[in-house]
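Q: coordinates for the following, if possible.
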Amino acid sequence: MPRIRMSRAAAAIVAVTATALVLAGCTKVEEGGAESAFPEKDIRLIIQANPGGGSDLSSRALATELEKILDVSVVPENMPGAAGALAMEYVGSQKADGYVIGFAPVEIAMLNTTQGAKVLPENYDLLGQVMLAPGVITVGANSGIDSLEALVAKAKSGAVTVANSGAGSIWEAATVGLADATGAQFSPVPYDGGATAVGAAASGETVAAVSGLGEALAQGDAVKILAVMHDERHPDAKDVPTVEEAIGEKVEFGGWGGIYTAKGLPDDVHKTLEDAVKKAVESDGYQKFQTEAGNLVVYRDSAEWTSFVKDQFTLFKDLLG
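A: Numbers count the residues shown, from 1 in each chain. Next up, the predicted model:
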């Protein structure tokens, strides 16, 4: 049998072709032909709260959709403690490769001021806002107070106790903000969670409470919701005026949340995660969950949310610092 001679040029072509085939089998090809190896393994989603709360349930609903989009498991992991600082400091200390992400509540813009924690928005890559729970002001059904105007008038003649979900919480900040805007004497009283705070107002233990709408609605006829702290009425409480409609003062506070990770993600990983968060928020399953939970589906992309959080950080520093 005759020997087959191969030129050096031909051998080089074969070698290059073989190498290209091997590499093609080791990468994922996205739409448009761009190659990316992310994600290649499961992603951990760190939740700063205990199981069963608003942050936990929102995170898990989003994780379900992210798994479908990224085609890897997105594993929720609860890491409560220090008003959320424990989880946020942990996420910030991880390698910036996209495999550890977290759910950031509004406290990411507050903890450095209220708790002295090493949590600064500028230390993270903020991928996108995913929800908003506007604050509401409630009183007990038997309080004799039938409007926010009447509550403010009462608080101008003497201190009025207002229950909230804990010292340093968004609802304590909202109470202070309402006092500043109206000149009224509102005294924040911390409780262990929003539901407990609204219960205090319902029983008459405090005069009023500030919480999320869902926690107020859960009390049924035991409370009266006086106003919502948002720029428009809530679709689940269309008969409740905004604070601005009720007393002419623009007072807006809410329990927002979004997805973040350690600072310094590679551009392609950042884009993949940001796009995935957007698609997850737009999904029917996630929208249905938030609607049923009494929250608003509010999306801001990475740039918009980063700017918003920076403004919120300044607001809370001025208000609570």
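
Q: who's the closest spatial neighbour of the residue most central in space within the chain, skipping the chain neighbours?
A: Nearest residue to the geometric centre of the chain (C-alpha atoms, centre = their mean): G257, 0.7 Å. Once flanking residues are discounted, G257 sits nearest to P105: 4.8 Å by C-beta to C-beta, 6 or more residues apart in numbering. To be clear about C-beta, it is placed using only N, CA and C from the backbone, and glycine gets the same treatment.

Q: count the neighbours of that neighbour for me.
A: Look at P105: counted by other C-beta atoms under 10 Å, it has 29 neighbours.

Q: how about it, what does it touch?
A: Listed by C-beta atoms under 8 Å, 6 or more residues apart in numbering, the contact set of P105 reads Q48, A49, S55, G84, I170, G255, W256, G257.

Q: tell me if the last one really is in a strand.
A: The one in question is G257. Yes. Applying DSSP: H, G, I helix; E, B strand; the rest coil, one finds G257 inside a strand.

Q: for the stretch 51-200 of the chain, what spans make up the strands?
A: Along the stretch 51-200 of the chain, the segments classed as strands by DSSP state E, counting those that start in this stretch run 74-78, 100-105, 124-140, 160-164, 186-190.

Q: let me know whether A63 touches I47 as I believe.
A: No. The pair A63 / I47 is not scored as a contact, 9.3 Å apart, by C-beta atoms under 8 Å.

Q: ok, and the closest non-adjacent residue to V298?
A: L132 (4.1 Å).

Q: what number of residues lie near that neighbour?
A: Other residues near L132 come to 20 when the count uses other C-beta under 10 Å.

Q: go on, V240?
A: So V240, with other C-beta under 10 Å, has 21 neighbours.

Q: about what we covered before: out of the strands of the stretch 51-200 of the chain, which is closest to K278?
A: strand 124-140 (6.2 Å; C-beta to C-beta).

Q: picking up where we left off before, what sits against the residue nearest to V298?
A: L132 touches G254, G255, W256, G257, N295, L296, V298, counting by C-beta under 8 Å, 6+ apart.

Q: turn those into TSV, including distance to L148 and pLDDT.
A: Listed next are the contacts of L132 as TSV, based on distance: C-beta to C-beta, whole Å; pLDDT from 0 to 100:
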residue	distance to L148	pLDDT
G254	17	93
G255	20	92
W256	22	95
G257	26	96
N295	22	90
L296	20	93
V298	23	94
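
Q: quick check, nearest of those to P80?
A: Nearest to P80 among these, with distances taken as C-beta to C-beta, is G257, at 14.9 Å.

Q: tell me the bridge partners for the closest one.
A: P105, M131 (DSSP bridges).

Q: doesn't G128 make contact with it?
A: No. The pair G257 / G128 is not scored as a contact, 10.4 Å apart, by C-beta under 8 Å.

Q: ok, the residue nearest to the centre of the chain - contacts?
A: S55, S58, F103, A104, P105, V106, Q129, V130, M131, L132.
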